[in-house]
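K.L.:
After the sequence you'll find the predicted model.
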Amino acid sequence: MLSVEGGVTADYSQVELHVGEGGAVGVEDAVGLVLVLDRQSLGTDVAAYAILTVARQHGDVPVRVEVHDGPPPADPRWDAVTELSVRSGDAVTVTGWAGDGSLTVPVPAGADLRVRYAVVDGQAGSDQFADGRWDEPPAETYVLQLWPAPPAPARLVSASTPWAQYWAFGPDAAAAVQRLADVPDPERLVALVDEALAAHPDTAARVRAGDESYRVGVIRYAQELFRVTHASGVYADLQRDHQALARLIDARAALAA
């Protein structure tokens, strides 16, 4: 195994994985904590780089890159894990948002690789940032593991903590809102909350058990509905009344038991 460690500067809860000139990233728009960009600007079915979501809005974050001969075992203690496929170009790097700083990944050009993006202690890092303890060393670490593998669809492997679920559930939330487009508002919100709880039974069980922090994954669904219906104003009051939304989620979770 080859290993490289260093720090990059995150902003807007993002760092970036660049595959270099001649490289390619799988065509999925978003999966898990990864967002693929730049297909349109290239005019092809590949993307130039991928955005990796981090647990804090901004600041320096530690990154460890590991290059393996084959798929390494995953650690069940990781907060979140997403896998995607890339083809390496002339230089694979991990950078901060908008290219701020760089960590070089030691892989040859022209290789088909599987990338596992994992976050260690991400909830602790999210809480640390939210508490304003920005002068402390980051509580979390970001790990990228790469190994030779033929192209395969990207997939979310796990998102076990509230911060990770808020970000990872975004693509599912957008799809669910579209599926429920024929349900009239405001009934659509109840249907959407029920769909979110059914899609993520572990989250629903946490909410029923009284862990308020796990509401955020379901709130992500509601926020997507609020976004697409913003012009109508149908949910304007509920958007401001966070306690009312929390009560709705708790009530629907209890009925889903």
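P.N.:
On my side now, so go ahead.

K.L.:
Which residue ranges of the stretch 101-250 of the chain form helices?
P.N.:
122-130, 162-168, 170-179, 187-199, 201-208, 215-228, 236-240, 242-255 (DSSP state H, counting those that start in this stretch).

K.L.:
mind listing what's buried in the third one?
P.N.:
Neighbour counts over helix 170-179 (16 or more other CB atoms under 10 Å) mark 170, 171, 172, 173, 174, 176, 177 as buried. All C-beta spots, glycine's among them, are computed from the backbone N, C-alpha and C.

K.L.:
Quick one: residues contacting the third one.
P.N.:
Same thing as residue 172. 196, 199, 221 (CB atoms under 8 Å, 6 or more residues apart in numbering).

K.L.:
What of the fourth one?
P.N.:
With CB under 8 Å, 6+ apart as the criterion, the residues that contact residue 173 are 196, 220, 221, 223, 224.

K.L.:
Could you say which of the helices of the stretch 101-250 of the chain is packed most deeply?
P.N.:
Comparing the helices of the stretch 101-250 of the chain by mean neighbour count (mean count of other CB atoms under 10 Å), helix 162-168 ranks first with a mean of 25.

K.L.:
same for it, what does it pack against?
P.N.:
With contacts taken as 3 or more CB pairs under 8 Å, 6 or more residues apart in numbering; DSSP states H and E, helix 162-168 sits against strand 80-87, helix 122-130, strand 155-159, helix 215-228.

K.L.:
Show me the one of these that comes nearest residue 149.
P.N.:
With CB to CB as the measure, strand 80-87 is the member of the helices and strands packed on helix 162-168 nearest residue 149 (7.0 Å).

K.L.:
Quick one: distance of the closest one to the chain centre.
P.N.:
The chain centroid and the centroid of strand 80-87 are separated by 11 Å under CA atoms, centre = their mean, to the nearest Å.

K.L.:
With only the CA atoms kept, save stretch 140-159 in CSV.
P.N.:
Taking C-alpha atoms only, stretch 140-159 is exported to CSV below (Å, rounded to 0.1, in the frame of the first residue of the first chain):
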residue,chain,number,x,y,z
GLU,A,140,-12.5,14.3,11.7
THR,A,141,-10.3,12.8,9.0
TYR,A,142,-11.1,12.2,5.3
VAL,A,143,-9.9,9.0,3.6
LEU,A,144,-9.6,8.1,0.0
GLN,A,145,-8.8,4.6,-0.9
LEU,A,146,-8.0,3.7,-4.6
TRP,A,147,-7.4,0.3,-6.2
PRO,A,148,-7.5,-1.0,-9.8
ALA,A,149,-11.0,-2.0,-10.9
PRO,A,150,-13.1,-1.9,-14.0
PRO,A,151,-15.7,0.9,-14.2
ALA,A,152,-18.9,0.4,-12.1
PRO,A,153,-21.8,2.6,-11.0
ALA,A,154,-21.1,4.9,-8.1
ARG,A,155,-22.9,3.9,-4.9
LEU,A,156,-23.5,5.1,-1.4
VAL,A,157,-22.2,2.4,0.9
SER,A,158,-23.3,4.0,4.2
ALA,A,159,-24.4,7.2,5.9
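
K.L.:
if we can go back for a sec, need the buried residues of helix 170-179 in a markdown table with pLDDT and distance to residue 57, can you?
P.N.:
Listed next are the buried residues of helix 170-179 as a markdown table, based on pLDDT from 0 to 100; distance: CB to CB, whole Å:
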| residue | pLDDT | distance to residue 57 |
| --- | --- | --- |
| 170 | 92 | 16 |
| 171 | 90 | 21 |
| 172 | 92 | 23 |
| 173 | 95 | 20 |
| 174 | 94 | 22 |
| 176 | 97 | 26 |
| 177 | 97 | 25 |
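
K.L.:
Quick check: of the residues you listed, which lies closest to residue 20?
P.N.:
Nearest to residue 20 among the buried residues of helix 170-179, counting by CB to CB, is residue 171 at 26.3 Å.

K.L.:
okay, now the nearest residue to that closest one once chain neighbours are set aside: neighbour count?
P.N.:
Once flanking residues are discounted, residue 171 sits nearest to residue 30: 4.7 Å by CB to CB, 6 or more residues apart in numbering. Using other CB atoms under 10 Å, residue 30 has 21 neighbouring residues.
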